[in-house]
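Novice: what shape does this take:
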Amino acid sequence: MNNENKKSWNWRTIAIFAVVLLLNDLIIFEYFRTQNSAKMRVSENPDSLTSNFPEMPFAPLSSDGEMGDKINTTASSVSESATVKSFDADARRLLALSGADRSRALRGLIKDWGKDSPGAFADWALKNLRGKELEYALSRICGVWSAKSPQDAAGWALDFVPEGGFRDSLLSQILENWIHRDPQSAANWALAMPEGPKRNDAVAYVARQWGLEAPESAAEWVLGLGEGIDKKPALFHLSISWAMNNPSAARDFVLSIQDEKLRSSAISGFARGWAYGDPEASAKWTLSLPDSEGKLNAIASLSRIWGINDPYSAANWVLELSNQDHKKIAVTGLMRGWISQDPYGAAEWALKLYSESKENNYPLLALVKKWSEADRKTALEWLNKSGLTKEEIQEILDMAK
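Specialist: Down below sits the predicted model:
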């Protein structure tokens, strides 16, 4: 091949290579342009979001949820990460919205960013959301997080989510699939916690969820725990789960526990768990027990659940109790449950009893006490509009202290 042919071949090779590179750059550019425009369409057109994110039944920035103002605003395990910074713009846009637009934007934020860095998203949610909006966001993100790293999700929830019903449901959600896949791993996670209340809580959560999957194995694990771990809450929660699925076997288990304090805690949990499915049977069994602290705790426990699910039936049961100590404890449990669902219904019932007989004041006292603990301002507003005299109101407030 002569020199001219070689030069011609070299130039053709270089030209072809340059064209290939140019085409490759154009393909890459078009790909990223399409991806970015798609993400923009998701943000700008909330209706394009997938339908598996349901509408949220709350007003943005509501404070009526259990989380409320109790969150730890200093909580931040990963909130300064690059991932958080990358969704700052979308997050600021969300916080400027309201109503349905804000709800859709939150679903979009979870969908677009939560999967890659759920811990960062959870930290952001704790600092910027409140009430039912916060509960929704954490529930969604912890569902994603638990599939990826349940030990991190559970540890974060224990560290930063305030104690209460929402934390209970959140940890149950996190532990559900983990226990199903590998209960021993979850048990080891709980036992690896530093000694103290947090470890006791973690053990109780594992026991409760494991009790839904394999209660006999969970019971063997709990009863075999060593010193330094409080078994009472674990047995309480295990017995709840077991009673919900197999009350006969659960009843035999709790009555077989030799230690009186442990048996007392298990009986209380069992009565509550059975009350979810058959409160009348749970109440009948509980009242048949010998007098003990466990019996009193069980009465309070089952009446609370009954008050949540069917308060008027529970109220009729309470009024038929002949033992005054049992009745007072049952009324308190009933009020705690009823107020959480329908405080004005509970108030109407208690006020009616008081109006019929001033001596029958304990339901009203329990109402005021428990409602004040949950929402003192609203409780006092109702009391002042109840039709009671100022003297009666003051007397009730003094007695309810």
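
Novice: got the contact list for Ile179?
Specialist: The neighbours of Ile179, taking CB atoms under 8 Å, 6 or more residues apart in numbering as the test, are Ala186, Val206, Gln209, Trp210, Leu212, Glu213. In this view, the C-beta of every residue, glycine as well, is placed from N, C-alpha and C.

Novice: from those, which is closest to Leu302?
Specialist: Out of the contacts of Ile179, the one with the shortest distance to Leu302 is Leu212. That distance is 19.3 Å, counting by CB to CB.

Novice: any idea of the mean pLDDT in the host helix or strand of Leu94?
Specialist: Using DSSP states H and E, the secondary-structure element containing Leu94 is helix 88-95. Mean pLDDT, computed over helix 88-95, is 86.

Novice: what do you get for stretch 358-365?
Specialist: Model confidence over stretch 358-365 averages 89 on the pLDDT scale.

Novice: buried ones in it?
Specialist: Residues of stretch 358-365 classed as buried: Asn361, Tyr362, Pro363, Leu364, Leu365 (neighbour count, 16 or more other CB atoms under 10 Å).

Novice: helices - which of these land there?
Specialist: Of the buried residues of stretch 358-365, the ones assigned to helices by DSSP state H are Tyr362, Pro363, Leu364, Leu365.

Novice: so how far is Ala350 from the third one?
Specialist: According to CB to CB, to the nearest Å, Leu364 stands 4 Å off from Ala350.

Novice: can you list the residues that contact stretch 381-389?
Specialist: Outside of stretch 381-389, the residues within contact range by CB under 8 Å, 6+ apart are Pro343, Tyr344, Ala347, Leu351, Val368, Trp371, Ile393, Ile396, Leu397.

Novice: test my guess that the last one contacts Leu365.
Specialist: So that's Leu397. No. Contact between Leu397 and Leu365 fails when scored by CB atoms under 8 Å: they sit 9.5 Å apart.

Novice: closest one of the buried residues of stretch 358-365 to Leu158?
Specialist: Set against Leu158, the nearest of the buried residues of stretch 358-365 by CB to CB is Leu365 (35.5 Å).

Novice: which residues does the closest one contact?
Specialist: Ile396, Met399, Ala400.

Novice: what is the host helix or strand of Trp124 packed up against?
Specialist: Trp124 is part of helix 118-128, with elements assigned from DSSP H and E. Based on contacts counted as 3 or more CB pairs under 8 Å, 6 or more residues apart in numbering; DSSP states H and E, the elements that helix 118-128 packs against are helix 82-86, helix 88-95, helix 131-148, helix 150-160.

Novice: and if we set it to 10 Å?
Specialist: Contact partners of helix 118-128 among helices and strands, from 3 or more CB pairs under 10 Å, 6 or more residues apart in numbering; DSSP states H and E: helix 82-86, helix 88-95, helix 99-109, helix 131-148, helix 150-160.

Novice: burial count for Trp371?
Specialist: Neighbourhood size, Trp371 [other CB atoms under 10 Å]: 25.

Novice: in the stretch 201-350 of the chain, what spans have low per-residue confidence?
Specialist: For the stretch 201-350 of the chain, not a single residue meets the criterion pLDDT under 70.

Novice: mind listing the strands for it?
Specialist: Applying DSSP state E, counting those that start in this stretch to the stretch 201-350 of the chain gives no strands.

Novice: helices - which of the contacts of Ile179 land there?
Specialist: Judged by DSSP H, helices contain the following of these: Ala186, Val206, Gln209, Trp210, Leu212, Glu213.

Novice: could you tell me which of those count as buried?
Specialist: Here, 16+ other CB under 10 Å leaves Ala186, Val206, Gln209, Trp210, Leu212 buried among the ones in helices among the contacts of Ile179.

Novice: pretty sure the fourth one contacts Ser172?
Specialist: No. In terms of CB atoms under 10 Å, Trp210 does not count as a neighbour of Ser172; the distance is 11.2 Å.

Novice: which neighbours do those two share?
Specialist: Here Trp210 and Ser172 share the contacting residues Ile179, His237, Ser241, scored by CB atoms under 10 Å, 6 or more residues apart in numbering.

Novice: nearest residue to the second one in space, please, no chain neighbours.
Specialist: Closest residue in space to His237, ignoring its immediate chain neighbours: Arg208 at 3.5 Å, by CB to CB, 6 or more residues apart in numbering.

Novice: tell me, how many residues neighbour the one you found?
Specialist: Per other CB under 10 Å, the neighbour tally for Arg208 reads 26.

Novice: may I ask which two of the contacts of Ile179 are separated the most?
Specialist: Of all pairs in these, the most separated under CB to CB is Ala186 and Leu212 at 12.5 Å.

Novice: can you give me the buried ones in the helix holding Leu94?
Specialist: Of all the residues in helix 88-95, those buried under the rule 16+ other CB under 10 Å are Asp90, Ala91, Arg93, Leu94.

Novice: what of stretch 391-401?
Specialist: So for stretch 391-401, counting by 16+ other CB under 10 Å, buried means Glu392, Ile396, Leu397, Ala400.

Novice: sorry, back to before: can you put the ones in helices among the buried residues of stretch 358-365 in JSON lines and add distance to Phe121?
Specialist: Below are these laid out as JSON lines (distance: CB to CB, whole Å):
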{"residue": "Tyr362", "distance to Phe121": "47"}
{"residue": "Pro363", "distance to Phe121": "45"}
{"residue": "Leu364", "distance to Phe121": "45"}
{"residue": "Leu365", "distance to Phe121": "45"}
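
Novice: nearest to Gly224 among those?
Specialist: So of those, ranked by how close each gets to Gly224 (CB to CB), first place is Tyr362, at 42.7 Å.

Novice: now the helices and strands packed on helix 118-128 in TSV, with distance to Asp123?
Specialist: TSV is the format used below for the helices and strands packed on helix 118-128 (distance: least, CB to CB, whole Å):
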stretch	distance to Asp123
helix 82-86	7
helix 88-95	12
helix 99-109	14
helix 131-148	10
helix 150-160	8
